[in-house]
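K.L.:
compute the structure for the input listed below.
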Amino acid sequence: MNQTMEKAVDAYGGKETWIKARSLEAEFSARGLAFILKRRPQFRRAKVSMDTSRPFSRITPIGRNRNISGVLDGPDVHLENASNEVLQERKNARQYFPGGRRLLYWDDLDMAYFANYAMWNYLTLPALLMRKDIIWNEIEAGLLEATFPKEIPTHNQRQRFRFEQETGLLLQHDYTAEVISCLAKAAHVVLDHSESEELRFTSLRRVTPRSAKGKPLRSPTLIEITIHDYHLIF
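P.N.:
Next up, the predicted model:
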């Protein structure tokens, strides 16, 4: 691990903590123009639980029905009720984006794919830094470029992460949200951090379009995410 990676892992709990962690639970809210464009309800204090070692994540509720969860399991998604009965499923969900009716609206399975993989990428970041199947290159002090394998559901293959050099805290995450459009170049800025059980986590994030120079534009707010609660399970 290079110096930037080491500082980032230490800032968010340390290597030993993330090696021991089996899963993660959080409560979050999310709003913004992206929900309006895809005719989706906002997330209001939704629950998310996920594995820290593989792309498995469950969000409840995923849509308007408070009893329906959306589940990501690798490349596949499904909806399940409160009794964990599978109601609908979609194999290899990525292949259906971004064309067809998805240009106009997303159903619950579409949102289950997008929201779960996005939150899994965001909330397990320290674990991502330690994965051997992601290639991390230090472009300059505080700036990492990640090349993701196709087996990991994520926004696009090559992304950049900028960290504060002294503290190791994440400042900005740049990517292209390809499930929305190849033109959806985003600047994902961390606005605040909080602590839970002595574990620091990102508590306020805002996504806006990214300029040609890599700077976040002032508007519109595509997505704003508030993390209300966050803890690891060992």
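K.L.:
ok, which stretches of the chain are helices?
P.N.:
3-11, 15-20, 33-37, 108-123, 125-129 (DSSP state H).
K.L.:
now those as JSON lines including mean neighbour count and mean pLDDT?
P.N.:
All C-beta atoms are positioned from the backbone trio N, CA, C, and that covers glycine. Shown next, in JSON lines, are the helices of the chain (neighbours: other C-beta atoms under 10 Å; pLDDT from 0 to 100):
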{"stretch": "helix 3-11", "mean neighbour count": "18", "mean pLDDT": "97"}
{"stretch": "helix 15-20", "mean neighbour count": "14", "mean pLDDT": "97"}
{"stretch": "helix 33-37", "mean neighbour count": "16", "mean pLDDT": "97"}
{"stretch": "helix 108-123", "mean neighbour count": "23", "mean pLDDT": "98"}
{"stretch": "helix 125-129", "mean neighbour count": "22", "mean pLDDT": "96"}
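K.L.:
now the strands: where do they sit in the protein?
P.N.:
Ranges of strands in the chain, per DSSP state E, are 23-31, 43-51, 56-60, 69-73, 76-80, 86-90, 135-140, 143-147, 158-163, 170-176, 185-196, 199-209, 223-233.
K.L.:
deepest-packed of these, please.
P.N.:
With neighbours defined by mean count of other C-beta atoms under 10 Å, none of these is more surrounded on average than strand 69-73, at a mean of 23.
K.L.:
what does that strand rub up against?
P.N.:
Identification of contacts with strand 69-73 by C-beta atoms under 8 Å, 6 or more residues apart in numbering yields 55-63, 77-81, 108-109, 111-113, 115-117, 120, 153.
K.L.:
I'd say Trp136 and Leu143 touch.
P.N.:
No. Taking contacts as C-beta atoms under 8 Å, Trp136 lies outside contact range of Leu143: 11.0 Å.
K.L.:
now for these two: what residues contact both?
P.N.:
By C-beta under 8 Å, 6+ apart, no residue touches both Trp136 and Leu143.
K.L.:
returning to what we had before: of all the strands of the chain, which one is nearest Met1?
P.N.:
Among those, the nearest to Met1 by C-beta to C-beta is strand 135-140 (8.0 Å).
K.L.:
confidence score at the closest residue to Pro61 other than its chain neighbours?
P.N.:
Leaving aside its chain neighbours, Pro61 sits nearest to Ile68 (5.7 Å; criterion: C-beta to C-beta, 6 or more residues apart in numbering). We have a pLDDT of 98 for Ile68.
K.L.:
thank you, goodbye.
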